[in-house]
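K.L.:
Quick one, what's the 3D model for this:
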Amino acid sequence: MLKKLLLLLFASLLTTSVSAATEDLLTFKLYCNNGVFTPQILQVPAGKKFKIEIYNTGTEAIEFESRQLRKEKALSPNSSSFVVIFPLEPGEYKFFDDFHIRVGQGSIIAK
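P.N.:
Numbers count the residues shown, from 1 in each chain. Sure, this is the predicted structure:
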């Protein structure tokens, strides 16, 4: 009984700390409408972990992708998701919509 209680308490503490850590992340919003990103450039602080909330406001599926950051996220129309980016060195990091390569280009500038 005591073991079970301790396990429940530990699980509760772990869940609370993970939720608190996610809520404290600096968050940037990125909208994509049929391959066109708004904004096209995200300026972020170098050396800080952050989250990008991605909103697909278009009528077609998109795939946010960055080879430099090793991130990709496919979204159906009218949906949203997020990616967490670990601290970046100062510089420019390209991203694109893999389903709309001609128009779906953008970058993250870490300063």
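
K.L.:
And for P87, the neighbour number?
P.N.:
Per other CB atoms under 10 Å, the neighbour tally for P87 reads 12. Where C-beta positions appear, they are placed from N, C-alpha and C, glycine not excepted.

K.L.:
can I assume L88 is in contact with Q43?
P.N.:
No. In terms of CB atoms under 8 Å, L88 does not count as a neighbour of Q43; the distance is 11.5 Å.

K.L.:
Would you mind telling me which of those two has the busier surroundings?
P.N.:
Applying other CB under 10 Å to L88 and Q43 shows that L88 carries more neighbours, namely 21 against 11.

K.L.:
Any stretches of this structure with poor pLDDT?
P.N.:
The model of the chain has pLDDT under 70 over residues 1-23.

K.L.:
Overlap in contacts, L88 and Q43.
P.N.:
Common contacts of L88 and Q43 (CB atoms under 8 Å, 6 or more residues apart in numbering): I108.

K.L.:
how about the helices in this protein?
P.N.:
2-23 (DSSP state H).
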